[in-house]
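The following block contains a protein sequence and its predicted model.
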Amino acid sequence: MKKYAIFSLLFLLFSTVTVLAEINSEKKQEILDTKECAPLIAAIQAPGDTPDDIFMKMLACKRLAVIGTAEAVPSLEKMLANPKLNHAARFALEQMPCAESDQALLRGVKNLSGQPAVGCIQSVGVKKSTGAMAVLKEKYASCDCPKVRKAIYAAMGMIASDEAIDWLMARMKAAPDTDIHVWMGLGDALLDAAENCEKEGNYAKAIIIYDACVNPVFPVFLQKASAYHSILARKDKAAELLVSKMFSPKECCFTGGLKTIREFECANGEMVTKAILNILEKLPADRQSFVLMAIAEREDETSQKLIYPVLLAKLANPKTQLAALRGLKKVGGLDPLKTGEAVCKNITAETDLNAVIAVAEALPAGIADEKMVELAQKADFSKVPAALGAAYLKAIELRRITAAGPVLVKIANTEGIDSSVRDAALYALADIVTLDSLDLLVDALANEKNDQKASWILRSACTRLPREECAVQVTKLFEKAQTPVDQEKMLTLLKQIGGLTALACVEKACWNEATADLATKVLGTWNTPDDMKAVAAASLKLAQKAPEHYAIRGIRSYVRIARQFDLPAAQKFAMCRTAFETAKRDSEKILIFEVFKRIIEVSSAREAMSYAEIPAFREAACDACVAIALKFQGISEEFVTLLERVIEISQVENTKSEAKRALSRLDAMVKSVPVIILSARYGVEGKWKDVSDIVKKKFNGKSSFGLIAGNSAFGDSAPGQVKTTEIIVKFNATGEQRKLVFEENEAVILPEK
Amino acid sequence: MSFNKYFPRRREFLKVLALSGTAAAAPMVLSSKVLGLDGATAPSEKIVFGTIGVRSRGWHDLQVFLRHENIQYVANCDVRRDQRERNMELAKQLYGDNSFKTYCDMNELLIRDDIDAVLIATGDRWHTMASITAAKHGKDVYCEKPLSLTIEESRALANAVNRYGIIYQAGTQRRNIGNFMLAAKIVQSGKLGKITEVHANTLWPATTHDWLPAQPEPAASDVDWDKWLGPCPWRPFNQKYIDGSWRSHFDFHGGGILEWGSHTVDLCQWAAMKDDTAPVRYEPQFNDDGSKGGEVYAWYADGVKLVMRSSGWLGLGTCSARYVGEEGWIETGDSGRMAVSSDALRSELKYFGMPGTSPETHIAEFIDCVKTRRNPAANANVAAQSHIASHCAYIAWQLGRPVEFDPVKEEFINDEEANRMRSRAYREGYTL
């Protein structure tokens, strides 16, 4: 890619240390926002080869891709020959629906060579340009470049006309291309064309192409894909071909056939399944396994009913048992008891217990649950092999059989039982325990030495129990806890449960010298959103009245709520003011600016800048204002004023330069719209209501919009009286300000001039 | 093709435990020792595996792949020499020999007959092109999200995957993570009543057309800048791009809606059983001061509303999703925690210790699918639909006005401006 390397050197010669886009951000914004072709054409026609020129031309092409018309084609066509800008021109031309763009690209194919020609061929293919066939054929005949050949194949595949298909088929019959990638490109183009035939309902032609591609001249995977599509395209006449694939010595043909078993449309399910089941026993066991699973995954009921008894029978064979289990996971529900019995009967030391669990989980509830509890009650889990016992209890857990509670407690408390079985009982218990029996679980965990496991099990139980009642139980456990470790466990659990009962316990602990350290940490990370008002109050109280160490935690917790949680902006600002007044150290006061930065509105920048007069916070305020401005997506004159203030007072060079960048960005946005709303009011003389925000929100830079100036939009400021709406606008082109008046319930349409 | 040997039971068991929320942090219910199923996998049963562009997230994915006994890591492709060397070093440590190969051109890796599957974790700009190229070479693909940068790319990828019959898993792992699976199950069971709204956690949508300042272009053997750019428009080199600052640049990135929408819009489509369609109308939202907000609302043909928003979440972690029905709601996120509207729904919950960012179970499913040839959870067809919905939302946001979309034709209705934004032309030599 020498041309790009040279291009890059040129850029280095010209580029400055600043970001290129900053050189002319106003012009850039103009290009991005314009709805007219003329300025874009002017941009691409402009002389110059500097980085900025190239950047602007590329940008103009991007915009032309969206709004460009035939008038832009001649200028873009000239760029096609320019190796630097060929792609940029095609970026625009390829998206243009006009015939002129097709013709320009076709001329590009004819007249250009190398990579620029490749690009034009690509675009012609994407556009399926009229008249492309003749040009592409001629190009193929006259060019010996592999990349051009590959591009022509791809384009022909996309065009997929009869002529294109015939041409591609003829190429396949010729000697294979010496370049394997080009040759694969031909195969891919043929498959592309065949798919197009299928889309048009021409299955016969598609099958001809697919069958032609099952050809040793192509790589195996391409043959496999062709075979697979050839079967699917045959629809209800596919059985014979599919069956032959099942016996193919080539693994790729077998797996291709396997995929079709899964993908045949439901209407052909019976045909496929019967055909495969007829030959199932003739297949090797491994192939049988794959086939069993594939049929079980079919969505049609007929196939599922046909495969179900086969799967039950195959459970007895160790070679097919795993596949049968995986299949029964899908269709075992057809007769849950029969399935359960058959599975249990065939479990051996070699059985994959994981697959057994999966079958058990998938069976429908009801009688199967009763059976499972009955068996668990009868079994002596100290004598059942540990793996099997644990698997059985895992199935109870996954099925959430609440009736199994007592037997699980019994198993968990059985002396000398294998630890894996005991653990399985505890995990299962956590998933079915009720509020009344929570203490049983706690008791069962009393001797558990693994803290992580115990916490997991308790949390698991509390996740699903009624919140407030659960919190009452855990509060009692906290009060009984003797050691800091146990106290911490319970406080953490209370946070995980959430709710006002849990919070009340934690708040109380914040004021107890023995537990304050733990509790204030927990409060500071409380994450249940509906408790936030209460958490904020508790945190503020700590900030105001607790000893310094905990007061700092309190203020940080309070600001965190404003920063992280979803509250109205006005409420967040009020919280910030309170935090600022309450905090004793600057290191906490300054945290409020992070809150402002997350609210991308003018009001947030305004609020931030209200602290700029305090010397210690001037830079933080300026920094927040600039950060918001750089993300702001709208039109605001107030922002301009705020940013000018930043430039005036900030003593940090980076902040100043970022403010200038933001200002330039906002200015460009303002200039890109024809008219700006300055203010608006609604009502009658003496009873005006300021509706500026509502109108500005609806307006958003458009020259007209669907606002009806009446009570429904603004509220009734003067009941019973006929009101008017007055909007003060400024026209960008002239700077002229004008007052526009609308009658009540009149549609507001703003003039552009 | 030997069936049972492809399914080491210990691994399978771990997978089920993980899906049920037990494996991540809790001690094992059944240890592999108890099961007595530890056994090495013979070389002939391995999945021969390569990677393309693995650096940060991709490196993490790779470590997870390598924990599977079936994986035989043989080759890496990267346009950066330092990354090729890093992979080479890893392979030496793993296998103690020099058989591992590295490439700068992915075609050289993909043309190898011995490679079965590849992990693609390049920057977003390459995801579709690399995946389609891999499909055209018959390789199974696990590709980090997002799968595409445009509507056209989404469809082209799904078509290529279907054409070549490969297994494709989009790296949007949440369809294989317990809390998200349970939330979708609750929605689909009807326990929330008729679904009226689904909410997807997205990020600030904007991208920039700016260029970073030009820097001297390194030698192609160190960083092949032309290949790094791939199908995207040319621009001058800057080290920051290759170190990750390509994000938010329009040419390389699909914006903040897609960044998380590829996960969360996907979750919404899945839970609401709309995997085969996309919303029909998209409306960008505005702030009170008239400025553009970050939210886009969309509606499916049956009236279900899809809300794409960055704020107002319950704090359940990144990539949250919320499902609202006539009889209740449920919200969950990457923390694994779940919130519901009533104690009755609360009783349906389960604690999952696995964070939403973990690819463990997702990769395990991919490996299983490579062997059984079944379609994975985040297959190309469903992922393409959710990406198309995210792209439509971003187009509406860029235009600053509502757009109507026909999900069957995949066209905006009577809207040429929007329709022209469905695709982008590629540089010479790159076609879908």
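Nice, I can see it.

Mean pLDDT per element in chain B, and the minimum belongs to which helix or strand?
Least confident helix or strand of chain B, by mean pLDDT, DSSP states H and E, is helix B:32-35 with a mean of 26.

isn't A:Lys371 right next to A:Gly340, touching?
Yes. Under the criterion of Cβ atoms under 8 Å, A:Lys371 makes contact with A:Gly340 at 6.5 Å. Every residue, glycine included, has its C-beta placed from N, CA and C.

sec struct for the closest residue to B:Arg175 other than its chain neighbours, please.
Excluding the flanking residues, the one nearest B:Arg175 by Cβ to Cβ, 6 or more residues apart in numbering or on different chains is B:Ala377, at 3.9 Å. Assigned state for B:Ala377: coil (three-state reduction, DSSP: H, G, I helix; E, B strand; the rest coil).

hang on, B:Ala377 packs against B:Arg174?
No. If you go by Cβ under 8 Å, B:Ala377 and B:Arg174 don't touch, sitting 9.2 Å apart.

Settle it for me: which of those two has more neighbours?
B:Arg174 (28 against 20; other Cβ atoms under 10 Å in any protein chain shown).

For the residue nearest to the more buried one when sequence neighbours are not counted, what is the enclosing helix or strand?
Nearest residue to B:Arg174 in three dimensions, chain neighbours excluded: B:Phe180, at 4.2 Å (Cβ to Cβ, 6+ apart). Using DSSP states H and E, B:Phe180 sits within helix B:178-188.

still on that earlier bit, residue contacts, the residue nearest to B:Arg174?
Listed by Cβ atoms under 8 Å, 6 or more residues apart in numbering or on different chains, the contact set of B:Phe180 reads B:Arg174, B:Leu267, B:Ala321, B:Thr332, B:Gly356.

pull the longest helix from chain B.
For chain B, the helix that runs over the most residues, judged by DSSP state H, is helix B:380-399.

Give me the average confidence score over it.
Helix B:380-399 carries an average pLDDT of 97.

following that helix, which helix or strand comes up?
Past helix B:380-399, the next helix or strand by DSSP H and E is strand B:403-406.

and whichever helix or strand comes after that following strand, does that touch chain A?
Toward the C-terminus, strand B:403-406 is succeeded by strand B:411-412 as the next helix or strand (DSSP H and E). No. With Cβ under 8 Å from any Cβ of the partner chain as the criterion, chain A is not reached by strand B:411-412; the gap is at least 12.1 Å.

Strand B:411-412 - contacts with which helices or strands?
strand B:403-406, helix B:416-419 (3 or more Cβ pairs under 8 Å, 6 or more residues apart in numbering or on different chains; DSSP states H and E).

chain center to the first one: distance?
Put simply, strand B:403-406 sits 25 Å off its chain's centre (Cα atoms, centre = their mean, to the nearest Å).

All the strands of the stretch 251-400 of chain A, residue numbers only.
In the stretch 251-400 of chain A, no strands are defined using DSSP state E, counting those that start in this stretch.

any low-confidence regions in chain A?
Applying pLDDT under 70 to chain A flags residues A:1-25, A:672, A:699-706, A:751-753.

one step back: the more surrounded of A:Lys371 and A:Gly340?
A:Gly340 (20 against 16).

and the closest residue to the more buried one other than its chain neighbours, what does it touch?
Using Cβ to Cβ, 6+ apart and skipping residues adjacent in sequence, the residue nearest A:Gly340 is A:Ala368, 5.8 Å away. Under the criterion of Cβ under 8 Å, 6+ apart, the neighbours of A:Ala368 are A:Pro336, A:Leu337, A:Gly340, A:Arg399.
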